[in-house]
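[1] mind folding the following:
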Amino acid sequence: MAATIQLQEERIPVKSRIWVSIADASTATLSGVVTGGALTYFFTRWRGLDAQYATIVWLLFGLWNAVNDPLFGYISDRTHSKLGRRLPYIRYGAPIYTIAFIFCWLPLPGTQDNQFLLFMQLLVGLFVFDTLYTAIASAVYVMPYEMALSNKARGSIMVWKVIFTIFPLALPLVVVPLLQPGPGEDATLYLLVLTTLGVLVGALIFVSTFFYREKHFQQDEQQPGLWAAIKECFKNKSFIVFEVVSFTVIYIQTSLMQGVLYYFDELKVPGLPMYLALGVGIVGGLIFWIKMRDRWGIKQNIRAVCLEFAIGCTLLLFFGREVIPSVIAFLLVGVGFSGFMYLIPLMNGDVIDMDEHRTGLRREGMYAGINSLITKPAISIAQAVFLQTLIIFGYNQDLAKGTQSFNAQTGVLVGWVAVPAILLYACFALLHFYPLAGDAWEQIKHKLGQIHQEKEKRYLEAHGYKFAE
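    As a prediction, this is how the structure comes out:
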């Protein structure tokens, strides 16, 4: 009599959920500091790099991402090792990631007052750092899909990921503005804190890899060639909608973290009530989105996030000089951040599940690579748009903090939140056409769960495990 497999509710150990979330947050923390505006601010305001040169660096950086992100995703999917397809990149990339981060901030001898050398350090530092970030972050990002299939099980991981997201959010938004040196100020403490941060984060990422694992049966699947793998991604219609939303999320994250450094410098709005409102929004939003996940479904939840986040950005654009409207706006931004951090990975998991339904293969790495190919330029574009907006509105980077003209202050608001608001309203409309929702989709997910258990059973039997008849 053949053995039968009963579907059981997926359960991920708490320690695994916590440590994969620590790895995700740690990786994002360093990236958030580098790409969220702090490095640009440091090079242009403290080290004296011309804003036009910084803009060129970010645009060149965007071109590099067109190569390295899908390439690493492709390599990751085809990796075979005892650790699995993803873990080797996380574990052994962590120490190098730390070194690359520290290099970005070092005031190298001879670079001061030399525009070409400053340009080259920023360019090389970004390229090396992002290569390591891509290898690690893409592997960490897809780990929940390697560890679980159901949205409930994945959601149990995402809750912890959102909780730990407070660190990559707080550092660029709160800690960096408090410590970053302005023109002519001493940067010793700032650089010491960043160096310590780099070492600590690298250690956490490395240690985390001993507390979670991936399902090894997936690395035995035959993967298509690079070009065929890329084309298959774009045949998935839900992926195209997802990428528009994902691009918007990365643009917003970069733009808001970049602009907040200038916002509190120049508009002199009290920071404490804003940060309190942001924190309340993040915590309250997380509780709300968790409760509404199954009631509304992923599609309608993300539409709601886009709309309320857009309203928050609009309030900042028109009333960012006033305390009460700004507090309300920061509250809405916090709710939006927690919504995106919790729901976007679940949406991405559904998109990858649809690909498996179509192709019969798990290709998380390829999807992560193509996602980065499309969304990483959002980082460069957001940086470039913000810097160019400041130039248009007459921002003078040589002035001390709080001494910019009224027109330049307006430029900070426009460069900070205008484009994010437009993108969010557009995503709200586009998500109407997102197809992965309803009973038919839930039936497909259930069928995939059965297929996974069959595959894992065959894998274990091939490696000497016996099942009761």
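
[2] just give me how far the strand or helix carrying residue 296 sits from the chain centre.
    For residue 296, the enclosing helix or strand under DSSP states H and E is helix 271-319. With C-alpha atoms, centre = their mean, to the nearest Å as the basis, helix 271-319 stands 17 Å off its chain's centre.

[3] now stretch 427-438
    Relative to its parent chain, stretch 427-438 has a centroid offset of 21 Å by C-alpha atoms, centre = their mean.

[4] mind listing what's buried along that stretch?
    By neighbour count on 16 or more other C-beta atoms under 10 Å, the buried set for stretch 427-438 is 427-428, 430-431, 434, 436-437. The way it works is simple: take the backbone N, C-alpha and C, and place the C-beta from them, glycine included.

[5] redo these as JSON lines? Include secondary structure, pLDDT and distance to residue 20.
    Output for the buried residues of stretch 427-438, formatted as JSON lines (DSSP: H, G, I helix; E, B strand; the rest coil; pLDDT from 0 to 100; distance: C-beta to C-beta, whole Å):
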{"residue": "427", "secondary structure": "helix", "pLDDT": "96", "distance to residue 20": "27"}
{"residue": "428", "secondary structure": "helix", "pLDDT": "97", "distance to residue 20": "31"}
{"residue": "430", "secondary structure": "helix", "pLDDT": "96", "distance to residue 20": "30"}
{"residue": "431", "secondary structure": "helix", "pLDDT": "96", "distance to residue 20": "28"}
{"residue": "434", "secondary structure": "coil", "pLDDT": "94", "distance to residue 20": "27"}
{"residue": "436", "secondary structure": "coil", "pLDDT": "92", "distance to residue 20": "24"}
{"residue": "437", "secondary structure": "coil", "pLDDT": "88", "distance to residue 20": "27"}
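
[6] which members of these are the farthest-apart pair?
    Across these, the longest distance by C-beta to C-beta is 17.1 Å; it joins 428 and 436.

[7] which neighbouring elements make contact with the helix holding residue 296?
    Packed against helix 271-319, as judged by 3 or more C-beta pairs under 8 Å, 6 or more residues apart in numbering; DSSP states H and E, are the following elements: helix 151-164, helix 237-266, helix 323-359, helix 406-430.

[8] can you redo those as TSV with distance to residue 179?
    Listed next are the helices and strands packed on helix 271-319 as TSV, based on distance: least, C-beta to C-beta, whole Å:
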stretch	distance to residue 179
helix 151-164	21
helix 237-266	11
helix 323-359	21
helix 406-430	20
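
[9] among these, which is nearest residue 78?
    helix 323-359 (14.9 Å).

[10] just the angle for that closest one relative to helix 406-430, thanks.
    Here the directions of helix 323-359 and helix 406-430 differ by 40 degrees (axes from the mean of the first three to the mean of the last three C-alpha atoms, to 10 degrees).

[11] from the contact counts, what lies against the helix or strand following helix 323-359?
    As assigned by DSSP H and E, the chain's next helix or strand after helix 323-359 is helix 364-392. Here helix 364-392 touches helix 51-77, helix 115-147, helix 226-235, helix 237-266, helix 323-359, helix 406-430, going by 3+ C-beta pairs under 8 Å, 6+ apart.

[12] average pLDDT for helix 364-392?
    In this model, helix 364-392 has an average pLDDT of 83.

[13] buried stuff in it?
    Buried, per 16+ other C-beta under 10 Å, within helix 364-392: 364-387, 389-391.

[14] one step back: now render the buried residues of stretch 427-438 as JSON lines, adding distance to residue 200.
    Shown next, in JSON lines, are the buried residues of stretch 427-438 (distance: C-beta to C-beta, whole Å):
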{"residue": "427", "distance to residue 200": "35"}
{"residue": "428", "distance to residue 200": "39"}
{"residue": "430", "distance to residue 200": "40"}
{"residue": "431", "distance to residue 200": "38"}
{"residue": "434", "distance to residue 200": "39"}
{"residue": "436", "distance to residue 200": "38"}
{"residue": "437", "distance to residue 200": "41"}
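
[15] between the residues you listed, which is nearest residue 445?
    The closest of the buried residues of stretch 427-438, once distances to residue 445 are taken by C-beta to C-beta, is residue 436, at 9.3 Å.

[16] hang on, that closest one packs against residue 237?
    No - Residue 436 is not in contact with residue 237 according to C-beta atoms under 8 Å; the separation is 9.4 Å.

[17] CA-only coordinates of the helix or strand containing residue 90 in PDB, if you can.
    For residue 90, the element it lies in under DSSP H and E is helix 87-105. Coordinates of the C-alpha atoms in helix 87-105 are reproduced here as PDB (Å, rounded to 0.1, in the frame of the first residue of the first chain):
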ATOM      1  CA  LEU A  87      23.000  30.300   2.700                       C
ATOM      2  CA  PRO A  88      26.600  30.200   1.400                       C
ATOM      3  CA  TYR A  89      26.200  33.800   0.000                       C
ATOM      4  CA  ILE A  90      24.800  35.000   3.300                       C
ATOM      5  CA  ARG A  91      27.300  33.400   5.600                       C
ATOM      6  CA  TYR A  92      30.500  34.000   3.700                       C
ATOM      7  CA  GLY A  93      29.600  37.300   2.200                       C
ATOM      8  CA  ALA A  94      28.900  38.900   5.500                       C
ATOM      9  CA  PRO A  95      32.600  39.700   6.500                       C
ATOM     10  CA  ILE A  96      33.300  41.200   3.000                       C
ATOM     11  CA  TYR A  97      30.100  43.200   3.200                       C
ATOM     12  CA  THR A  98      31.400  44.800   6.400                       C
ATOM     13  CA  ILE A  99      34.700  45.800   4.900                       C
ATOM     14  CA  ALA A 100      33.000  47.300   1.800                       C
ATOM     15  CA  PHE A 101      30.700  49.400   4.100                       C
ATOM     16  CA  ILE A 102      33.600  50.800   6.100                       C
ATOM     17  CA  PHE A 103      35.500  51.700   2.900                       C
ATOM     18  CA  CYS A 104      32.700  54.000   1.800                       C
ATOM     19  CA  TRP A 105      33.200  56.300   4.700                       C
END
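
[18] ok, residues contacting it?
    23, 27, 30, 34, 39, 42, 72, 76, 79, 81, 83, 122, 125-126, 128-129, 131-133, 135-136, 138-140, 191, 194-195, 198-199, 201-203, 205-206, 208-209, 213-214 (C-beta atoms under 8 Å, 6 or more residues apart in numbering).

[19] contacting residues around stretch 287-307?
    Contacts for stretch 287-307 (C-beta under 8 Å, 6+ apart): 151, 155, 159, 245, 248, 335-336, 338-340, 342-344, 346-347, 350, 424-425, 427-428, 431-432, 434, 436-438.

[20] what's the closest residue to residue 421 other than its chain neighbours in contact with, if anything?
    Spatial nearest neighbour of residue 421, chain neighbours left out: residue 313 (3.9 Å); criterion: C-beta to C-beta, 6 or more residues apart in numbering. Shown in contact with residue 313 (C-beta under 8 Å, 6+ apart): 252, 329, 333, 417-418, 420-421, 424.

[21] and residue 232, by the same measure?
    Applying C-beta under 8 Å, 6+ apart, we find residue 232 in contact with 224, 355, 358-359, 363.
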